[in-house]
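*Asks:* sequence unknown, structure follows:
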């Protein structure tokens, strides 16, 4: 009966009976298990029979009911989980829709400008100006200029990238909540509040509406994306504190700054293209309306119409076909990933009472996986910084 000694005499929550089995090991003989039903009252005592080839034993197990507070908190956390799953689907669908917007509007505007350019050229090539071609060309150029201005303001490719990021982060949160529900016997109100804060922080970081709360597409300077609530910090660090602080410094000084620099360069390019596209299309519209091959001014207007239309098509293709807005958002989100790692590490190494042998190793493993490094590579990077060795490499080998 030595194998029976590993069975707990009580189970913390009656509802966990249906989910978990008590694992009993025998040094030489396989053990047969009997599932315990959850169709019983929480204050009942049951007898579980466990048998092996050589022995049979019974042991009473007292079921202790969950407290009302724990049951309520668990129900609330499940409600948050359902809301997160709904947001995953919502952001995925809207992201696909906005990606389609980008493709359709790009092709539509380019076809309009090319058609208007061809009309302006044909009208000028005729012996006498064709009024219908002039009017149609000017109308198409004007419509293309207006559509460019709207599309450049909304930046569909950037909106689609925002929704892709939101989908990934909500999926990550969904898995974390599921893991917490599986591993924790007792769910507290603190767990619910933390989950709610993370959901609301993601909602603020990646809003769905286009009017009122849409993220600024052309800020004065690009900043890292922030999708997590403020992390609490305390004093008295412990495990590998100096090494991890060096990693934080590398992330801050190299990785995040590099992505912000690239993001700001892409942002400037996007601003320039967003202005030039409508300007070229508008100039082409005016030139088309004034085109007349019989005079020098009319000939110049024809050149402006044809050249402006061609340039507007090129600019629009580079901006939206090249998805410059998506590139800006990608760099902004990457910088946010590094900032999130910085704050998480700083918060962890500042917690009181951290077990340096267990939690320190776990944190190091998580950081090394996120950076795409082995533990030895992570320590080498930190040691090089500690000894003042000049290094010209980034902390992350993934992004």
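*Replies:* That came in fine, so what should we check first? Keep in mind that what you see is a predicted model, and the values were worked out from it rather than measured.
*Asks:* Could you pull up the contacting residues of the residue nearest to the spatial centre of the chain?
*Replies:* Among the residues of the chain, residue 165 comes closest to the average C-alpha position under CA atoms, centre = their mean, at 2.5 Å. With CB atoms under 8 Å, 6 or more residues apart in numbering as the criterion, the residues that contact residue 165 are 206, 225, 227, 329, 333. All C-beta atoms are positioned from the backbone trio N, CA, C, and that covers glycine.
*Asks:* In this structure, mark out all the helices, start to finish.
*Replies:* Assigned by DSSP state H, the helices in the chain fall at 68-125, 131-154, 156-183, 189-205, 241-250, 257-290, 296-316, 324-349, 359-371, 375-386.
*Asks:* Now tabulate these in TSV and tack on mean pLDDT and distance to residue 212.
*Replies:* What follows is the helices of the chain, written out as TSV (pLDDT from 0 to 100; distance: least, CB to CB, whole Å):
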stretch	mean pLDDT	distance to residue 212
helix 68-125	90	16
helix 131-154	90	13
helix 156-183	93	15
helix 189-205	90	13
helix 241-250	82	36
helix 257-290	92	21
helix 296-316	88	27
helix 324-349	88	19
helix 359-371	75	34
helix 375-386	76	44
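*Asks:* Can you say which of those helices is packed in most?
*Replies:* Among those, helix 324-349 has the highest mean neighbour count (mean count of other CB atoms under 10 Å), at a mean of 22.
*Asks:* Taking their axis directions, it and helix 131-154 sit at what angle?
*Replies:* Computed by axes from the mean of the first three to the mean of the last three CA atoms, to 10 degrees, the angle separating helix 324-349 from helix 131-154 equals 0 degrees.
*Asks:* Next, work out how far apart residue 134 and residue 115 are.
*Replies:* Distance from residue 134 to residue 115, counting by CB to CB, to the nearest Å: 14 Å.
*Asks:* should've said residue 218
*Replies:* Taken as CB to CB, the span from residue 218 to residue 115 is 29 Å.
*Asks:* Same check on residue 90?
*Replies:* Distance from residue 90 to residue 115, counting by CB to CB: 37 Å.
*Asks:* cool, and residue 147?
*Replies:* According to CB to CB, residue 147 stands 13 Å off from residue 115.
*Asks:* swap in residue 254?
*Replies:* The spacing between residue 254 and residue 115, counted by CB to CB, is 49 Å.
*Asks:* Redo the contacts of residue 165 as TSV? Include distance to residue 264.
*Replies:* TSV is the format used below for those (distance: CB to CB, whole Å):
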residue	distance to residue 264
206	21
225	14
227	20
329	13
333	14
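*Asks:* Which members of the residues you listed are the farthest-apart pair?
*Replies:* Spatial extent of the contacts of residue 165 (CB to CB) is set by the pair 227 and 329 at 12.5 Å.
*Asks:* Now residue 292: closest residue in space that isn't a chain neighbour?
*Replies:* Closest residue to residue 292 apart from its sequence neighbours, by CB to CB, 6 or more residues apart in numbering: residue 298 at 2.7 Å.
*Asks:* Contacts only, for the one you found.
*Replies:* With CB under 8 Å, 6+ apart, residue 298 has these contacts: 124, 129, 290-292.
*Asks:* Throw the residues you listed into JSON lines and include distance to residue 398, thanks.
*Replies:* Output for the contacts of residue 298, formatted as JSON lines (distance: CB to CB, whole Å):
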{"residue": "124", "distance to residue 398": "55"}
{"residue": "129", "distance to residue 398": "60"}
{"residue": "290", "distance to residue 398": "55"}
{"residue": "291", "distance to residue 398": "54"}
{"residue": "292", "distance to residue 398": "60"}
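*Asks:* now, the most widely separated pair of the residues you listed?
*Replies:* Maximum pairwise distance among those (CB to CB): 11.0 Å, between 124 and 290.
*Asks:* contacting residues for residue 377?
*Replies:* residue 368.
*Asks:* Give me the distance between it and residue 230.
*Replies:* Taken as CB to CB, the span from residue 377 to residue 230 is 31 Å.
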